[in-house]
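Visitor: take this sequence and fold it.
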Amino acid sequence: MNIKSRVRQIWKWIGLIWVVGFFAFMVYDFAINGPKAQVVQSQLENEFKSIEPMPSARACDYKATHKTSQALVTCGYSTNLSYADMRAHYDIELARHGWVFYEEDEMRDWGRDFGGKTARYCKGGYRANLQYAGQDAGYGWDYAFSVSWGLDSLVDKYSDKFRKVGCR
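Guide: This next block holds a predicted model:
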């Protein structure tokens, strides 16, 4: 057997081992982490339902989903109220349920500024976002509210305030 065919055979084995390892990891991930994520999604759905939306808001699009290490419950709403009114309502409502405000950011849509904002809250390892689309966004919703687990980027840098308020 020459060296070229031997190298080819080694690479075939390496490829086979990698494919088998990948599928073994996927099966393990779904078997071990999937049920936990499903439980967390259920907890987030209960948490979401306990938080009263704006009194004049009309729900547009409710979604609840999970993967093996993430869960999200979100809904878009239509209303004529201002962002200041939304923010005041959710600051009070979330605080009643143990959530802590930690940050507000301006939002842009591919560089376009419609006046959108996002207010962020935390409760232990969970996150809540109140996203205001902006006056001229035209998304079919005026604001969205979501609660999530595990959606933080590996490269997110949190402020000292984030850590001081007890977020993790």
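
Visitor: quick one: the strands in this protein, in order.
Guide: Taking DSSP state E, the strands of the chain run over residues 58-67, 70-78, 100-109, 112-123, 126-132, 143-149.

Visitor: and of these, who's closest to Tyr90?
Guide: Closest to Tyr90 of those is strand 126-132 (C-beta to C-beta; 4.9 Å). Any C-beta I mention is one placed from the backbone N, CA and C, and that applies to glycine too.

Visitor: elements contacting that closest one?
Guide: Contacts defined by 3 or more C-beta pairs under 8 Å, 6 or more residues apart in numbering; DSSP states H and E place strand 126-132 against helix 83-96, strand 112-123, strand 143-149.

Visitor: residues contacting Tyr62?
Guide: Contacts for Tyr62 (C-beta atoms under 8 Å, 6 or more residues apart in numbering) come out as Thr74, Cys75.

Visitor: which stretches of this protein aren't confidently modelled?
Guide: 1, 29, 110, 112-113, 137, 152-168 (pLDDT under 70).

Visitor: returning to what we had before: Arg87: which of the strands of the chain is closest?
Guide: When those are compared by C-beta to C-beta, strand 112-123 sits nearest Arg87, at 5.7 Å.
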